[in-house]
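1. Okay, here's the prediction I keep looking at, along with the sequence it came from:
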Amino acid sequence: RHLYTCTQNSLSLIISVFVYISTFYQAVLQALEDGLKKADADPSVKAVMICGENGKFSAGADIRGFSSPKTLGVALGPIVSLIESSEKPVVAAIEGVALGGGLEVALGCHYRVAHAKARMGLPEVTIGLLPGAEGTQRLPRLIGVPAALDMITTGKHIPATEALKLGLVDEIVEENTIEAAIRLANKVIGQPLGPRRLSLKPVPKLPNMEAFLQEAQVKVKRQARGFLAPELCFQAVQAATQRPFAEGVRRERELFQVLLSSGQAQALQYAFFAERAVHRWATPAQPTAASTFTVAGQGLGTMGQGIVTSLVKANIPVVALEQNLEYLNKGRKAVMVLLEREAKKMEGGAQKLDFHNPARLQFTVDFNLLHDVDLVIEAVFENMALKKEIFHKLSNICKPGALLCTNTSALDIDEIASATSRPQQVIGTHFFSPAHVMRLLEIIYGRHTSPSAIATAMQLAKDMKKVGVVVGNCFGFVGNRMMFPYVEQAVFLLEEGSRPEAVDQVLEDFGFKIGPFRMSDLAGLDVGWRSRKGQGLTGPSLPAGSSARQRRGQRYSPLPDLLCERGRFGQKTGKGWYQYERAGGRTATPDPWIHGFLSQYRDTHRIETRYIDQEEILERCLFSLINEGFAILAEGIASGPEHLDVIYLNGYGWPKHRGGPMFYASTVGLPRVLAKLQKYSEAHPDVPKLRPSAFLKKLVAVGNAPLKEWMSYLSRQSPKL
Ligand SMILES: CC(C)(COP(=O)(O)OP(=O)(O)OC[C@H]1O[C@@H](n2cnc3c(N)ncnc32)[C@H](O)[C@@H]1OP(=O)(O)O)[C@@H](O)C(=O)NCCC(=O)NCCSC(=O)C[C@@H](O)CCCCCCCCCCCCC(=O)O
């Protein structure tokens, strides 16, 4: 961070410190304070300009500092006030990002000049906090309550162009921001500063402020689903509309303190660093990843459409391939609709979508066009024979260095790779639906996948602005493998006496966007049915005389199969675990038919219906999922609990304020998780997924090891992770 002072027309540098305000929290704040005081006291200084270093204004306070409140030390708020009260005009030159405390500093300045490519925001809510340096009181005074509420309760970053429209900045420039800020500083020397001090401005009135706030509060609460920070952000902004500035600031501090000491803030800050930690994967060879690709999307079904859209959005040239003209035209139409929609969303932003240019996006049925591409992402449906046939063809056609990726949610990468002559260049890329929206990309390496292939896939994830997580090859990989026991328990609970809406409610109250049965209806029950048929668990390949509720010596529930046999595939057929207004409808209503069907099923199988309380529903579903997570870590399929958590937070709707399943387990306490699993396992000895993993037992035995140390208790780690 630099603070320049304008002495007539010349410029002198007073202090120079780091980009992140709190990397040296106390030192930076002290330096800012000293610099401002010096500038104020020096009669030759006529104006001050504050900018960042290396083209970035500031990412705000050091998030690590929040885990030890001692290090908070000098608060930023008083420094922002000091800037505002300066008798000399202070201009912020915003380049790169001005986030959190960084933007709050800019709000203390009398003028703000931003580069056209800069982004601004108050993302504190995303780490479980609220803007704690008077930002909740200044921003509504500057841009009005609706826009300020939107920014503060969502934490979204806005581009400079939008900031200009909102009045958040005074000027945007394409060229040198610092020179423009100095020009402005010189221009305003001598002009009255009172009107530029936001703390003195009233909050702009709305004709219906009360009604607006009421409605906004309901919306914030509904969307938060137990997440505290958005609600407290709302309260802080509300205080700005009801109290004078100084009192509003006091309220902001009180609310900040509540959040700071909440477990939710710790969970979200853990998640922030976990997401960054998964990028730091290690390979023995430290290969250099290719940074530009030409990609061929193979298969233009729902997943393929989303993948192509994501690639175009990332500005990566794409050749989209289908097997025949009918499918190609259908796929092309769908992709165009998605891209038009994305282009609309990006209107007004600095970036434009270029998708009418055939050099950027080409549709074809000609396999030979894949000869020159750097990377192929195959996205045909989940069928091993079909995938192997395609990979054999790709191996013959694509140039020697091309990477061959398969979009699969469970299939064996090694078996797919065995159909090629280059298994070292075959890798799994598990996208999540809708692929142009979901951020997660599970990257699965096979036995022969080379480190540079992994590096290239990670680079692709980065270029696509996705969170790439490298994992090993096993059935369901990490995400789905952990999901299987969760869904299995949910269905067993129905057998024993619960209802779909009761199970969903408990998990939605926990914070999931949708519970397992609503999710299953949305995804389509036929997807799992097909997979179970493929595994010989149901359908014609099931050996004659198999018991209805046992497979391979373990408990099995045929309930989902029975629903599919009755054509109940979920939303698409208008009936599944719930009923819908019509086929394709989205409003789930509890279905009396299902209730009757379940009691009849229990009668048939002589299962005594019992009342199952919320605690049991939650524990059986979540702890079985977590238990699988421990097994995955012990097998070396993922390199740490952070990886599992990032997967669940970004791909499975796990509530962010609970930090991910493994973090959640650490907050519950491993001894409690173990004791509960032991209890449920004793009650259901034919359910192996409830049997506590040996690794969990070990961590408890060594004294409930903290999450950071878990991996040190394992001797085996994959060399590729
Ligand atoms: C900035 C980004 C957009 C950059 O993204 P990019 O993809 O380019 O890079 P990375 O994300 O990989 O980041 C690179 C590297 O940097 C690390 N990092 C980034 N930002 C921070 C940060 N803010 N703190 C720490 N480290 C950061 C990141 O971890 C990477 O390093 P690594 O080694 O992990 O690879 C993107 O990074 C981003 O979005 N960053 C977060 C931005 C953010 O959330 N900012 C808000 C921070 S919170 C804040 O500013 C709070 C303020 O409101 C001030 C509050 C003042 C509090 C004062 C106390 C109040 C008083 C109450 C107590 C009263 C007691 C009493 O009564 O007495």
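-> The structure has been received and is ready for your questions.
2. and Gly128, how many neighbours?
-> 27 (other C-beta atoms under 10 Å). (C-beta placed from N, C-alpha, C; glycine too.)
3. Please name the nearest non-neighbouring residue to it.
-> The shortest distance from Gly128 to any non-neighbouring residue, by C-beta to C-beta, 6 or more residues apart in numbering, is to Ala265 (3.2 Å).
4. Any regions of the stretch 51-200 of the chain where pLDDT drops low?
-> By pLDDT under 70, the low-scoring segments of the stretch 51-200 of the chain are 68-74.
5. And the strands in it?
-> 90-94, 97-99, 111-115, 119-121, 158-159, 171-173 (DSSP state E, counting those that start in this stretch).
6. show me where pLDDT drops low in the chain?
-> 1-26, 68-74, 281-293, 348-351, 716-721.
7. re earlier: between the strands of the stretch 51-200 of the chain, which one is closest to the ligand.
-> strand 97-99 (4.3 Å; C-beta to the nearest ligand atom).
8. And the helices in the stretch 251-400 of the chain, which stretches?
-> In the stretch 251-400 of the chain, the helices defined using DSSP state H, counting those that start in this stretch lie at 263-277, 302-313, 325-346, 384-397.
9. Hmm, Gln242 and Leu213 touching each other?
-> No: counting by C-beta atoms under 8 Å, Leu213 sits too far from Gln242 to count as a contact (9.3 Å).
10. Comparing these two, which residue is more hemmed in?
-> The neighbour count for Leu213 versus Gln242, taken as other C-beta under 10 Å, is higher for Leu213 (19 against 12).
11. and the more buried one, helix, strand or coil?
-> With DSSP: H, G, I helix; E, B strand; the rest coil as the basis, Leu213 sits in helix.
12. Now it: closest residue in space that isn't a chain neighbour?
-> For Leu213, ignoring the flanking residues on the chain, the nearest one in space by C-beta to C-beta, 6+ apart is Gln238 at 5.9 Å.
13. Burial check on the one you found, number of neighbours?
-> 20.
14. same thing with Lys708?
-> By other C-beta under 10 Å, the residues close to Lys708 number 12.
15. any idea how far Ile127 is from it?
-> Plainly put, Lys708 is 19 Å away from Ile127 if you go by C-beta to C-beta, to the nearest Å.
16. any idea how far Asp686 lies from the ligand?
-> Look at Asp686 and the ligand: by C-beta to the nearest ligand atom, to the nearest Å, they are 45 Å apart.
17. let me redo that: Glu175
-> Counting by C-beta to the nearest ligand atom - Glu175 and the ligand are separated by 22 Å.
18. now Ala133
-> According to C-beta to the nearest ligand atom, Ala133 stands 4 Å off from the ligand.
19. Touching, that residue and Leu76? I think so.
-> Yes: using C-beta under 8 Å, Ala133 is in contact with Leu76, at 3.8 Å.
20. more neighbours, those two?
-> Ala133 (31 against 27).
21. Let me see the contact set for that one.
-> Residues near Ala133 by C-beta atoms under 8 Å, 6 or more residues apart in numbering: Ala61, Ala75, Leu76, Gly77, Ile79, Val80, Gly101, Glu104, Val105.
22. again, 10 Å this time
-> If a contact means C-beta atoms under 10 Å, 6 or more residues apart in numbering, then Ala133 has 21, 60-61, 75-81, 100-105, 107-108, 122, 124, 249, 252-253, 256 as its contacts.
23. Going through those residues, which ones are buried?
-> Buried residues within the contacts of Ala133, counting neighbours by 16 or more other C-beta atoms under 10 Å: 21, 60-61, 76-77, 79-81, 100-105, 107-108, 122, 124, 249, 252-253, 256.
24. Helix or strand: which one has the residue in the stretch 601-721 of the chain positioned nearest to the ligand?
-> Residue nearest to the ligand within the stretch 601-721 of the chain: Glu642 (11.2 Å; C-beta to the nearest ligand atom). Element membership for Glu642 (DSSP states H and E) is helix 641-651.
25. And the next helix or strand after that helix, what's buried?
-> Using DSSP H and E, the helix or strand that follows helix 641-651 towards the C-terminus is helix 661-668. Buried residues in helix 661-668, defined by neighbour count with 16+ other C-beta under 10 Å: Pro661, Met662, Phe663, Tyr664, Ala665, Ser666.
26. Now for Ala133 and Leu76: what residues contact both?
-> Ile21, Gly60, Ala61, Gly100, Gly101, Gly102, Glu104, Val105, Gly108.
27. which pair in these spans the largest distance?
-> Ala61 and Gly108 (14.5 Å; C-beta to C-beta).
28. how about the residues of the chain that lie near the ligand?
-> Residues of the chain found near the ligand (C-beta under 6 Å from any ligand atom) are 20, 59-64, 72, 75-76, 97, 99-101, 104, 123-124, 127, 131-133, 135, 253, 256-257, 273, 276.
29. Flag every buried residue along stretch 515-533.
-> So, applying 16+ other C-beta under 10 Å, buried residues of stretch 515-533: 515-521, 523-533.
30. In this model Leu328 seems to touch Gln298, though I could be wrong.
-> No: using C-beta atoms under 10 Å as the test, Gln298 is too far from Leu328 to be in contact (11.6 Å).
31. Which one's more surrounded, the two?
-> Gln298 (27 against 17).
32. and Val470, how many neighbours?
-> For Val470, the neighbour count with other C-beta under 10 Å is 27.
33. which SS state does it fall under?
-> Here Val470 is strand, with the state taken from three-state DSSP.
34. what sits opposite it in the beta ladder?
-> Listed beta-bridge partners, Val470: Ile443 (assigned using DSSP bridges).
35. Distance of it relative to the ligand?
-> With C-beta to the nearest ligand atom as the criterion, Val470 and the ligand are 16 Å apart.
36. So that residue sits against His430, correct?
-> No: assessed by C-beta under 10 Å, Val470 is found out of contact with His430, at 11.3 Å.
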